[in-house]
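> Take a look and give me a structure for this.
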Amino acid sequence: MLEIKRQTHQIDANGKSLGRLASEIAMILRGKNKPTFQPNIDGGDFVEIVNADKVKFTGKKLEQREFITHSNYPGGLKRRKVKDVASDPGEVLRQAVIGMLPKNKLRDLMIKRLIIKK
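The predicted structure follows:
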């Protein structure tokens, strides 16, 4: 039986680009930085983000990027621009990390280990 030892990584988001930061976080949450990585086992670590409100948005992401959700009812499509959600940059970062994690049953377990502080 494989014993999983989880560490806590603290990352300072001050001045870092959103996508590069999200990919680094996703790699640690998934456990790809460990020599014992197996894709079917959730062996990642805890990640604590500080200064999430100082993350850098490059290009025209604030005006062009959208978060799209649908309620599965007719006319239930909702679109929100990043500048509308940017009052909570931690949520923007969380959505970016969720998009970089695998789309399977392990994703919910991985994202629970992401702690975002402002």
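
> for the residue nearest the centre of the chain, what are its contacts?
Centrality entry for the chain: nearest residue to the mean C-alpha point is V97, 2.0 Å, by C-alpha atoms, centre = their mean. Contact analysis of V97 by C-beta atoms under 8 Å, 6 or more residues apart in numbering lists 22, 25-26, 29, 111, 114. (Glycine included, C-beta is placed from N, CA and C.)

> who's in contact with V50?
10-13, 117.

> If any of the residues you listed are buried, give me the ChimeraX selection for them.
Burial among the contacts of V50 is assessed by 16 or more other C-beta atoms under 10 Å; the matching ChimeraX selection reads:
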select :11,13
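
> which residues sit against the helix or strand bottoming out on mean pLDDT in the chain?
Here the helix or strand of the chain ranked lowest by mean pLDDT, DSSP states H and E is helix 82-85, holding a mean of 85. For helix 82-85, contacts defined as C-beta under 8 Å, 6+ apart pick out 57, 61-63, 65-67, 91-92.

> Stretch 15-24 now?
Under C-beta under 8 Å, 6+ apart, the answer for stretch 15-24 is 11, 13, 54-58, 61, 92-93, 96-97, 99-100.

> re earlier: and the contacts of V97, which of them are in strands?
Secondary structure from DSSP state E places L114 of those in strands.

> Just the buried residues of the contacts of V97.
Here, 16+ other C-beta under 10 Å leaves 22, 25-26, 29, 114 buried among the contacts of V97.

> I'd like the contacts of stretch 15-24 written out as a markdown table, with pLDDT, distance to F37 and secondary structure added.
Below are the contacts of stretch 15-24 laid out as a markdown table (pLDDT from 0 to 100; distance: C-beta to C-beta, whole Å; DSSP: H, G, I helix; E, B strand; the rest coil):
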| residue | pLDDT | distance to F37 | secondary structure |
| --- | --- | --- | --- |
| I11 | 97 | 19 | strand |
| A13 | 95 | 25 | coil |
| K54 | 91 | 31 | helix |
| V55 | 91 | 27 | coil |
| K56 | 91 | 29 | strand |
| F57 | 88 | 31 | coil |
| T58 | 89 | 30 | coil |
| K61 | 86 | 31 | helix |
| V92 | 90 | 28 | helix |
| L93 | 93 | 23 | helix |
| A96 | 93 | 22 | helix |
| V97 | 96 | 18 | helix |
| G99 | 94 | 20 | helix |
| M100 | 96 | 16 | helix |
